[in-house]
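Novice: sequence and predicted structure, then a few things I'm wondering about:
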Amino acid sequence: MAITNKKAFKKPLNNRFKIKITKNGPYIVYGGIPLRVNTVVLDASGIPYRWRPGKKYPVEKTYKLCRCGKSNNKPFCDNIHEQIEFDDTETASRQPYLEQAKIMKGPGLTLTDLPNLCVHAGFCDRSGGIWTLTEYSDEPEAREIAIEEAANCPSGRLIVWDKEGNLIEPEFEPSIELVEDPFAGLNGPFWVHGGIPIESADGTTYEIRNRVTLCRCGKSENKPFCDGIHLKK
């Protein structure tokens with residue numbers, strides 16, 4: 001099975017929306033993109049299984065989000081990056097997702113997987129894990145859970161496709177979610193929804209995707225994207 005519907009991988013551009021990465025500075029968000037909290041919810045066995053929307057911030061036409069992790073006004077920038085040593089080097093690959101991802105074919109679904117994007121949110125572990133579920137994806141329950149787990153993967157590391165090669169992806173309106181994991185006692189990354197263009201400090205636009213996660217602690221080795229290093233702090 002070949003992945004055929006690649007056009008669906010990119011959402012239509014909206015010229016109002018953009019996230020600009022500034023040199024040694026914050027993310028500047030343009031276009032009045034909604035900003036809210038989204039919290040991880042665990043099932044009875046202690047494994048993440050859904051998200052709970054939380055606080056909504058007043059919508060601002062333009063605002064700055066902290067990228068160094070040290071702001072005293074989180075999630076917003078307070079210019080403290082000017083007083084500290086902050087390595088803002090963007091090290092993420094500019095190659096498209098599908099040119100980097102591993103492909104796992106099951107009887108009912110195909111899973112594409114790019115581990116470099118993993119933020120260790122844990123949604124892929126339920127019911128034996130998405131990889132096992134893909135192997136048994138001709139069974140309705142396994143297929144349903146695999147699709148659900150992939151959709152909850154905030155970084156888009158994991159994506160599922162049907163037997164005809166068509167993308168199975170949640171519909172997201174453009175927004176930025178502040179990932180909160182009260183069980184780990186940590187703030188997670190900025191979860192960017194809905195195909196919002198992200199422009200590098202050098203002016204290059206990263207591949208436009210339905211869901212990505214941007215580093216919020218300043219320590220990622222895959223900047224501007226989160227690599228889960230906040231869990232090791």
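Specialist: Everything's here; your move. Numbers count the residues shown, from 1 in each chain.
Novice: for the rest of this, base every contact and every neighbour count on C-alpha atoms.
Specialist: OK.
Novice: remind me which residues of the chain are low pLDDT?
Specialist: 1-15, 184, 233 (pLDDT under 70).
Novice: and if we set it to 90?
Specialist: Along the chain, segments meeting pLDDT under 90 span 1-16, 45, 85-87, 181-187, 228-233.
Novice: what about the residue of it most remote from its centre, distance to residue 63?
Specialist: Most distant residue from the mean C-alpha position of the chain: residue 83, 28.9 Å away (Cα atoms, centre = their mean). Here residue 83 is placed at a distance of 20 Å from residue 63 (Cα to Cα, to the nearest Å).
Novice: bridging across strands, which residues link to residue 36?
Specialist: Beta bridges link residue 36 to residue 56, residue 177, judged by DSSP bridges.
Novice: contacts only, for it.
Specialist: Taking Cα atoms under 8 Å, 6 or more residues apart in numbering, we find residue 36 in contact with 53-57, 176-178.
Novice: now with 10 Å?
Specialist: 53-59, 175-179, 190-191 (Cα atoms under 10 Å, 6 or more residues apart in numbering).
Novice: now do residue 221
Specialist: 87-92, 116, 215, 227-229.
Novice: most neighbours of all those, which one?
Specialist: residue 215 (26 neighbours; other Cα atoms under 10 Å).
Novice: not counting its neighbours along the chain, what's nearest it?
Specialist: Distances taken as Cα to Cα, 6 or more residues apart in numbering place residue 226 nearest to residue 215, at 4.1 Å, with adjacent residues excluded.
Novice: would you map the strands across the protein?
Specialist: 18-21, 27-30, 35-42, 48-56, 62-65, 102-105, 109-113, 158-162, 167-168, 175-181, 186-193, 198-199, 211-214 (DSSP state E).
Novice: tell me which of the ones you listed is the most buried.
Specialist: Among those, strand 211-214 has the highest mean neighbour count (mean count of other Cα atoms under 10 Å), at a mean of 25.
Novice: not counting that one itself, show me its contacts.
Specialist: 27, 67, 117-119, 151-157, 169-170, 172, 174-179, 188-196, 198, 220, 222-228.
Novice: give me that answer again for 7 Å
Specialist: Identification of contacts with strand 211-214 by Cα atoms under 7 Å, 6 or more residues apart in numbering yields 154-156, 189-195, 224-226.
Novice: domains in this protein, as residue ranges please.
Specialist: Following automatic domain parsing, one gets these domains for the chain: 15-94+171-232, 97-168.
Novice: show me the helices in this structure, by range?
Specialist: Using DSSP state H, the helices assigned to the chain run over residues 97-100, 130-135, 140-152.
Novice: so which of the ones you listed is nearest residue 42?
Specialist: With respect to residue 42, and counting by Cα to Cα, the nearest of the helices of the chain is helix 140-152 at 12.5 Å.
Novice: what's the angle from the closest one to strand 35-42?
Specialist: 140 degrees (axes from the mean of the first three to the mean of the last three Cα atoms, to 10 degrees).
Novice: residues contacting the residue lying closest to residue 167 once chain neighbours are set aside?
Specialist: Take residue 167 and drop its neighbours on the chain: the residue closest to it by Cα to Cα, 6+ apart is residue 161, 4.6 Å away. Counting by Cα under 7 Å, 6+ apart, residue 161 makes contact with 109-111, 167-168.
Novice: that's all I had, so thanks and see you.
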